[in-house]
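S.K.: After the sequence you'll find the predicted model.
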Amino acid sequence: MFDSISKSLEKPPIYTKAKAAFWNDEHISKQMLKAHLDPEFEGASRKLKFIQESVIWIKESVSPVKYPLLLDIGCGPGIYAEKFSKEGYQVTGIDYSKRSIDYAQQSASKQNLDITYLYENYLDMDFKKVFDFATMIYCDYGALSTSDRKTIMQKVYNHLKSGGKFLLDVFSMEKYKNFQENQIWESCPVGGFWRNDEYIALNKNCKYSDTVTLEHISIISKNEITAYYLWNTYFTINTLTAEAMEAGFKVSGLYSDVAGNNYQKNSATIAILLEK
Ligand SMILES: C[S@@+](CC[C@H](N)C(=O)[O-])C[C@H]1O[C@@H](n2cnc3c(N)ncnc32)[C@H](O)[C@@H]1O
């Protein structure tokens, strides 16, 4: 028992992927869906008020008339996708959470929205079509390793028409500075976010390199000890721009967030609008 706990707490090499499923785990995905759909909670999607402002700004900046075919990467249960569709985009959403995609499909069908949803790993995406506009919203880009970021940037580039746009956001170095290294344990006798039944969670937050953090969570329950790794890479305008340009993109706009607020040095996020 002690050896298993101790092994689960070992510091993994940077960007190690945990063996256990996260987005697609039967129980965790249920909690994530709840988090996505809570209009006042920022855990999985941003608050509804921000999303509404964001969609208005996006529509004004990258008009659905000129850029109708929109690919929403990591679309979750379709909160943005539905609003994009109502604003006149022809939306394709891709996500690797089966629960989110099932919810999104049912919700679109109830509202008669013509949205194509795909349950797929975006790192493997290979559509036989190109889009006018792609979005990857709520800092999912920074959750990827350096090589996976390279893959997604190139894949998005290849899936856009010439002149097509790509909007994404990332956490900034300001957010990195405020990241607290700590170790916390949590006892959940009636279950909670990680499991349906009793468990103990050992949470360790640590800074890796100068731009990478890990939230390392070890779940101890009656039957198992399981480690989860939530990585985050933080960016400056220069490091983000360099990764985009390596794939062939030009920078078309820089903002504090995907609601188009002016870029500020102390903003926790950076949003970038790229052009192929
Ligand atoms: C932080 S959430 C953001 C969801 C949505 N963009 C929003 O703002 O409401 C990230 C989403 O990316 C999805 N995701 C993570 N890794 C993925 C992958 N490799 N392929 C497809 N989707 C993935 C998750 O399932 C989750 O729905």
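M.R.: Cool, got the structure. Numbering: from 1, shown residues only.

S.K.: C-terminal to the longest strand anywhere in the chain, what's the next element?
M.R.: What stands out as the longest strand in the chain, according to DSSP state E, is strand 160-171. For strand 160-171, the succeeding helix or strand toward the C-terminus, using DSSP states H and E, is helix 173-177.

S.K.: What helices and strands are in contact with the helix or strand just after that next one?
M.R.: Counting by DSSP H and E, the next helix or strand C-terminal to helix 173-177 is strand 182-188. In terms of contacts (3 or more Cβ pairs under 8 Å, 6 or more residues apart in numbering; DSSP states H and E), strand 182-188 is packed against strand 199-207. In this view, the C-beta of every residue, glycine as well, is placed from N, C-alpha and C.

S.K.: Packing partners of the strand it packs on?
M.R.: For strand 199-207, the packing partners by 3+ Cβ pairs under 8 Å, 6+ apart are strand 182-188, strand 212-221.

S.K.: again, only this time at 10 Å
M.R.: helix 2-8, strand 182-188, strand 212-221, strand 225-233 (3 or more Cβ pairs under 10 Å, 6 or more residues apart in numbering; DSSP states H and E).

S.K.: Can you lay out those as CSV showing mean pLDDT?
M.R.: Below are the helices and strands packed on strand 199-207 laid out as CSV (pLDDT from 0 to 100):
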stretch, mean pLDDT
helix 2-8, 87
strand 182-188, 96
strand 212-221, 96
strand 225-233, 96
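
S.K.: between the longest strand of the chain and strand 225-233, how big is the angle?
M.R.: Following axes from the mean of the first three to the mean of the last three Cα atoms, to 10 degrees, one obtains 110 degrees for the angle between strand 160-171 and strand 225-233.

S.K.: mind putting the helices and strands packed on strand 199-207 in CSV, mean neighbour count and distance to residue 60 included?
M.R.: Conversion of those to CSV gives the following (neighbours: other Cβ atoms under 10 Å; distance: least, Cβ to Cβ, whole Å):
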stretch, mean neighbour count, distance to residue 60
helix 2-8, 11, 48
strand 182-188, 12, 41
strand 212-221, 20, 34
strand 225-233, 19, 30
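
S.K.: need the helices for the stretch 51-200 of the chain, in chain order.
M.R.: 79-86, 98-110, 146-158, 173-177 (DSSP state H, counting those that start in this stretch).

S.K.: Spatially nearest residue to the residue nearest the centre of the chain, not counting backbone neighbours?
M.R.: In the chain, the residue lying closest to the centroid (Cα atoms, centre = their mean) is residue 140, at 2.6 Å. Nearest non-adjacent residue to residue 140, counting by Cβ to Cβ, 6 or more residues apart in numbering: residue 74, 4.5 Å away.

S.K.: Also residue 64?
M.R.: According to Cβ to Cβ, 6+ apart, the nearest residue to residue 64 is residue 88 (3.9 Å).

S.K.: And for residue 212?
M.R.: residue 233 (5.2 Å).

S.K.: Check residue 17 too.
M.R.: residue 229 (7.0 Å).

S.K.: got a list of what that neighbour touches?
M.R.: 12, 15-20, 22, 214-217 (Cβ atoms under 10 Å, 6 or more residues apart in numbering).

S.K.: ok, of those residues, which one's closest to the ligand?
M.R.: Taking Cβ to the nearest ligand atom as the measure, the ligand lies nearest residue 22 of the contacts of residue 229, at 8.3 Å.

S.K.: Helix, strand, or coil at that closest one?
M.R.: The three-state assignment at residue 22 reads coil, by DSSP: H, G, I helix; E, B strand; the rest coil.

S.K.: surely it meets residue 215?
M.R.: No. Residue 22 is beyond contact range of residue 215, at 11.3 Å (criterion: Cβ atoms under 10 Å).

S.K.: residues shared between the contacts of the two?
M.R.: With Cβ under 10 Å, 6+ apart as the test, residue 22 and residue 215 both reach 228-230.

S.K.: Can you tell me which of those is closest to the ligand?
M.R.: Among these, and counting by Cβ to the nearest ligand atom, the member closest to the ligand is residue 230, at 10.7 Å.

S.K.: is stretch 144-155 anywhere near the ligand?
M.R.: No. Judged by Cβ under 6 Å from any ligand atom, stretch 144-155 stays clear of the ligand, getting no closer than 7.9 Å.

S.K.: what's that stretch in contact with?
M.R.: Contacts for stretch 144-155 (Cβ under 10 Å, 6+ apart): 14-17, 73-74, 122-127, 134, 136, 140-143, 166, 168, 170, 212, 231-233, 240, 243-249, 274.
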